[in-house]
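S.K.: Sequence and predicted structure are below.
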There are 2 protein chains.
Amino acid sequence: MTSENRPDQTRFDSHADILKALAHPVRLMIIDQLLLNPKCVMAIHEILDVRQSNISQHLSILRNSGIVASDSDGSYRYYYVRRPGLLKAVLETLDTDWPETDIEEVRKKFKKALNKNQKKQGINP
Amino acid sequence: MTSENRPDQTRFDSHADILKALAHPVRLMIIDQLLLNPKCVMAIHEILDVRQSNISQHLSILRNSGIVASDSDGSYRYYYVRRPGLLKAVLETLDTDWPETDIEEVRKKFKKALNKNQKKQGINP
DNA sequence: ATTCCATATTCGAATAATTGAATACACAAC
DNA sequence: GTTGTGTATTCAATTATTCGAATATGGAAT
């Protein structure tokens, strides 16, 4: 029972990093705004009524995790979402009303997996 | 510029709650395992090589945020994912290699939005 | 160069998340 | 009852996150 058993660790590590960066209401609102069109810090600050320094802090978190990037046009520095498809998919998934598992099906599935493991050896269910 | 401007706050609050519950590598690995089939704490503990109490703690976080639930079969207490569609969609979205924004398109879009706002009034870009 | 404006960073305080260890609880089997 | 087995909870220590305030930086315009 070493860490060899632990499957796909780095995969889940990087997934968790992205999810952590997304897991804040203000950051989600920022992303929502940037998906409409690229915006400067001031614009986001005014739309969301959140302090400018805080917007900058959240943007830096989003930038460090690769979710947004920025570019300059003259004196304007605007931010944009790097992979809009990813973010739209995440938001759409969260907006969707997903059906609940049928608990009877789950019960059957558990018993089945239980039997299979008991036949093989004493693996815990 | 009151909080009336802040759009969909509760929507992003609840989304952030779910994302926060998902934003941990061990919890993602637990969900990954539970999507295969329902499992008991001990089984997860052995597969992931994470302490039993810690598995219980993570499961309680996942249960409190509505992501998993548990049921009993005899002396076994197994956990399962409540809305597998949601979790599968999230993991699949994270596994996908999404294309990057075309930065020239973004630049154009920013300038366009900039002009529109300048015509209307002095709204920050 | 100085001023102005937008943005970034630093700092400190408060709060929250994470984890191991120990312990408590539940409940079946004896 | 007691024992055993699986699971949950509590506690404490550590580490991380969040945010306002203040300050710093950077670039354009004067």
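M.R.: In hand now; what should we look at? Treat the numbers as computed from the prediction; the structure is a model and nothing was measured.
S.K.: what about the most centrally placed residue in chain A, distance to chain B?
M.R.: By Cα atoms, centre = their mean, the mean C-alpha position of chain A lies nearest to A:Leu19, the distance being 3.2 Å. As defined by Cβ to the nearest Cβ, to the nearest Å, A:Leu19 lies at a distance of 4 Å from chain B. The way it works is simple: take the backbone N, C-alpha and C, and place the C-beta from them, glycine included.
S.K.: which strands and helices sit next to the helix or strand that contains that residue?
M.R.: For A:Leu19, the host element (DSSP states H and E) is helix A:9-22. Applying 3 or more Cβ pairs under 8 Å, 6 or more residues apart in numbering or on different chains; DSSP states H and E, we find helix A:9-22 packed against helix A:25-36, helix A:52-64, helix B:9-22, helix B:25-36, helix B:84-95.
S.K.: What angle do helix A:25-36 and that helix make with each other?
M.R.: Between helix A:9-22 and helix A:25-36, the angle comes out at 90 degrees (axes from the mean of the first three to the mean of the last three Cα atoms, to 10 degrees).
S.K.: State the mean pLDDT of helix A:9-22.
M.R.: In this model, helix A:9-22 carries a mean pLDDT of 95.
S.K.: Buried residues, that helix. List them.
M.R.: Neighbour counts over helix A:9-22 (16 or more other Cβ atoms under 10 Å in any protein chain shown) mark A:Arg11, A:Phe12, A:His15, A:Ala16, A:Ile18, A:Leu19, A:Lys20, A:Ala21, A:Leu22 as buried.
S.K.: DNA strand D contacts on chain A?
M.R.: A:20, A:23-24, A:26, A:50-51, A:53-54, A:57-58, A:61, A:74-75, A:124 (Cβ under 7 Å from any atom of the strand).
S.K.: Make a PyMOL selection of the buried ones in the residues you listed.
M.R.: A single PyMOL command selects the buried members of those (16+ other Cβ under 10 Å):
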select buried, chain A and resi 20+23+24+26+50+58+61
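S.K.: from the residues of chain A next to DNA strand D, which is closest to DNA strand C?
M.R.: Looking at the residues of chain A next to DNA strand D and their distance to DNA strand C, the nearest is A:Ser53, at 3.2 Å (Cβ to the nearest atom of the strand).
S.K.: picking that back up, my guess is the residue nearest to the centre of chain A contacts B:Ala16, does it?
M.R.: No: with contact defined as Cβ atoms under 8 Å, A:Leu19 does not count as touching B:Ala16 (10.4 Å).
S.K.: What mean pLDDT does the longest helix along chain A get?
M.R.: For chain A, the helix with the greatest residue count under DSSP state H is helix A:103-120. When pLDDT is averaged over helix A:103-120, the result is 83.
S.K.: do stretch A:50-68 as well
M.R.: 98.
S.K.: next one: stretch A:31-42
M.R.: The model assigns stretch A:31-42 a mean pLDDT of 97.
S.K.: Report the buried residues of it.
M.R.: For stretch A:31-42, by 16+ other Cβ under 10 Å, it's A:Ile31, A:Asp32, A:Gln33, A:Leu34, A:Asn37, A:Pro38, A:Lys39, A:Cys40, A:Val41.
S.K.: B:Pro38 versus the residue nearest to the centre of chain A, what's the distance?
M.R.: If you measure A:Leu19 against B:Pro38 using Cβ to Cβ, to the nearest Å, the figure is 23 Å.
S.K.: again with A:Thr10
M.R.: A:Thr10 sits 26 Å away from B:Pro38, going by Cβ to Cβ.
S.K.: before we move on, what about A:His15?
M.R.: In terms of Cβ to Cβ, A:His15 sits 22 Å off from B:Pro38.
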